[in-house]
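**Student:** My questions are about this predicted structure, shown below with the sequence.
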Amino acid sequence: MTFYLLHSGQTSAERLARQVPGLVPAQELRMVTADDIVIRYGNTDDPDRGHWVINRRESLLLAESRRAMLKSLRRAGVNCPRSRSQDDETELRTQLVRHYRIPVFNLKALTCFRTDAKTVWLSKRINQVLDTFSEVPMEYDDETRKVCLLAVRSIHALGLEFGLVSIGVTVHQRLMVLDVAATPVLKGRVLQLYAEAANTYLEMEERIKKGDKRAIMLGTDLEFMLRSKQGNLVLASRYFPTLGSVGCDDRTFGGDRSRRPLAELRPKPALTPEQLCANIKVTLREAGQLAKRMNPKWVAGSAPFERFPIGGHIHFSGVPFTGRIVSLLDVYVGLPLMLIEDPLTAARRRPKYGFLGDVRHKSYGGFEYRTPASFVLDPTIALGALALAYIVAQHHENLPYLPLHSSDRVRAFYKSDRDYLLPMSEEVYAHVKATRTYEDYKSAIDLLFSMIRSDEVWDETVDLRAAWQIPVASMRTSSAKGRGGQAVYFEQAIRRR
């Protein structure tokens with residue numbers, strides 16, 4: 001495996017190559033093999049080649065046009081400035097409270113630069129960190145944390161992994177992405193940061209290639225909500241505490257921290273998807289002891305109530321974090337689960353929540369993937385979702401990447417255009433079936449893709465306690481028997497679009 005830095009003779013690229021001995025500078029791709037990794041720095045002459053390409057050609061071309069770039073960011077739910085007309089290229093400017101520039105590599109923010117300069121010329125491209133900026137810790141305060149998350153989100157929304165993001169804070173305290181430079185000027189402290197990140201990335205890829213694997217742990221936190229007999233929202237904080245294996249999400253109702261509308265299951269992590277599903281059921285039973293009444297119903301999915309999108313976050317430990325793995329999770333987990341969401345409630349959720357590449361790094365050294373909706377509404381769906389995530393964790397080195405992050409497919413994803421994405425789901429299914437892990441979870445995975453083929457979506461009106469066979473006073477349980485003698489609730493949890 002060779003690591004190439006593809007460039008067009010830029011001084012910044014030459015500086016980076018000198019700082020990263022493992023990078024081979026190149027100005028064409030004809031020598032690249034299927035095992036090689038390429039980092040593009042502005043050169044868009046040749047089509048992508050190799051095992052993986054950081055800053056793919058289409059993404060670089062998109063980033064060259066500021067208008068197209070901002071349009072793509074807005075589609076992904078990112079707040080951006082708007083021109084006054086299609087042909088407006090005048091010296092537009094905006095007043096800011098603060099201004100940040102965040103260098104990103106391998107979908108990680110490297111540091112945070114900040115200035116209190118108030119004015120930015122919006123028609124000028126921003127590709128470097130000026131002397132007026134001061135470096136501050138990424139965890140300096142809540143604003144810097146949000147800025148760094150937004151920078152990574154913006155990079156991924158454009159299909160990039162490497163770039164400099166310019167973000168302003170408006171007078172209304174809103175974060176606004178002003179520009180993204182896919183070929184930032186590399187010198188001084190910025191060069192040092194990118195060189196260190198690139199060296200670390202190369203070392204990690206070498207370890208992956210040598211088969212240096214750790215035990216993989218899966219975890220999850222799953223949100224659900226409570227619905228009264230009359231169809232109204234019931235506060236989760238009425239029944240559940242804030243902390244613990246069963247608790248409430250941080251979101252409040254009307255700003256009152258004592259009133260929390262979202263319940264959250266936090267089962268113990270596990271080495272396998274089936275054990276994690278067993279842990280989910282244990283946690284549901286704990287929740288059932290706290291709320292023993294038949295009503296309110298427990299509902300999950302995308303957004304059971306208008307203003308409250310919910311999620312099913314999947315945690316990974318022992319899995320090396322790379323931009324490629326995030327993209328694979330979008331393809332092999334995010335896409336299939338999107339195709340079985342109810343499109344009406346999914347529209348409430350995306351793109352603000354459940355956007356592509358939504359990841360958070362955790363204090364234990366792992367990360368969580370936050371794109372899926374809350375798949376806890378049925379145990380078969382839950383096992384299928386976790387099995388797909390497990391397959392990515394186990395086989396990421398050999399799973400082929402499919403171009404979900406192209407402009408047309410991203411647009412289809414956020415519009416829930418299943419007809420456009422159905423052919424891609426068949427490719428995903430074929431690649432999943434080619435893995436050795438597929439046979440262990442064949443039934444659950446097949447059911448997910450059967451739903452996709454049959455144009456079926458999950459039903460967010462089903463009480464998830466019935467699906468998971470959690471005893472509730474006066475609740476009737478089905479006597480239908482299925483595989484292994486277990487009661488089957490899967491048919492209750494799906495419906496035609």
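**Tutor:** Everything's here; your move.
**Student:** what pLDDT does residue 94 get?
**Tutor:** With respect to pLDDT, residue 94 has a value of 65.
**Student:** again with residue 347
**Tutor:** At residue 347, pLDDT is 83.
**Student:** I'd guessed it sits against residue 416; true?
**Tutor:** Yes: counting by CB atoms under 8 Å, residue 347 touches residue 416, with 6.8 Å between them. Heads up, the C-betas are built off the backbone N, CA and C, glycines and all.
**Student:** Secondary structure element holding residue 39?
**Tutor:** strand 37-41 (DSSP states H and E).
**Student:** what's in contact with that strand?
**Tutor:** For strand 37-41, the external contacting residues (CB atoms under 8 Å, 6 or more residues apart in numbering) are 1-8, 10, 12-13, 16, 23, 29, 32, 48-57, 60, 162, 183, 198, 205.
**Student:** Please pick the buried ones from those.
**Tutor:** 3-7, 12-13, 16, 23, 29, 32, 48-57, 60, 162, 183, 198, 205 (16 or more other CB atoms under 10 Å).
**Student:** out of residue 347 and residue 416, which sits in the more crowded spot?
**Tutor:** Under the neighbour definition other CB atoms under 10 Å, residue 347 and residue 416 were set side by side, and residue 416 has more, 20 against 15.
**Student:** is it true that the more buried one touches residue 338?
**Tutor:** Yes: the pair residue 416 and residue 338 qualifies as a contact (CB under 8 Å) at a distance of 6.8 Å.
**Student:** Now do the shared contacts for these two.
**Tutor:** Taking CB under 8 Å, 6+ apart as the criterion, residue 416 and residue 338 both touch residue 346.
**Student:** If you count residues, where's the longest strand of this protein?
**Tutor:** In the chain, taking DSSP state E as the definition, the longest strand is strand 217-227.
**Student:** tell me what the helix or strand just after that strand is packed against?
**Tutor:** Using DSSP H and E, the helix or strand that follows strand 217-227 in sequence is strand 233-234. If you count contacts as 3 or more CB pairs under 8 Å, 6 or more residues apart in numbering; DSSP states H and E, strand 233-234 packs onto strand 217-227.
**Student:** So what touches the following helix or strand past the strand holding residue 39?
**Tutor:** Per DSSP H and E, the first helix or strand lying C-terminal to strand 37-41 is strand 52-54. Identification of contacts with strand 52-54 by CB under 8 Å, 6+ apart yields 37-40, 106, 161-162, 323-324, 401.
**Student:** List the pairing partners of strand 52-54 within its sheet, with orientation.
**Tutor:** strand 37-41 (parallel) (DSSP bridges).
**Student:** and the partner strand, average pLDDT?
**Tutor:** Mean per-residue pLDDT for strand 37-41: 96.
**Student:** Run the angle between the lengthiest helix in the chain and strand 37-41 for me.
**Tutor:** As assigned by DSSP state H, the longest helix anywhere in the chain is helix 188-209. Per axes from the mean of the first three to the mean of the last three CA atoms, to 10 degrees, the angle that helix 188-209 makes with strand 37-41 is 160 degrees.
**Student:** Any buried residues in helix 188-209, and which?
**Tutor:** Neighbour-count burial for helix 188-209 [16+ other CB under 10 Å]: 190-191, 193-195, 197-198, 201-202, 205, 208.
**Student:** Please report phi then psi for residue 242.
**Tutor:** Taking degrees, to the nearest 10, you get phi -80, psi -40 for the backbone angles of residue 242.
**Student:** For it, the count of nearby residues, please.
**Tutor:** Using other CB under 10 Å, residue 242 has 14 other residues around it.
**Student:** Likewise for the one 3 residues further on?
**Tutor:** The local packing of residue 245 (other CB under 10 Å) involves 14 other residues.
**Student:** ok, now residue 287?
**Tutor:** Residue 287: 23 surrounding residues under other CB under 10 Å.
**Student:** Kindly report the same for residue 129.
**Tutor:** By other CB under 10 Å, the burial measure for residue 129, its neighbour count, is 23.
**Student:** That one reaches residue 191, doesn't it?
**Tutor:** No: look at residue 129 against residue 191 with CB under 8 Å: they stay out of range, at 10.5 Å.
**Student:** can you pull out the strands in the stretch 251-400 of the chain?
**Tutor:** 263-265, 297-299, 312-317, 359-361, 367-369 (DSSP state E, counting those that start in this stretch).
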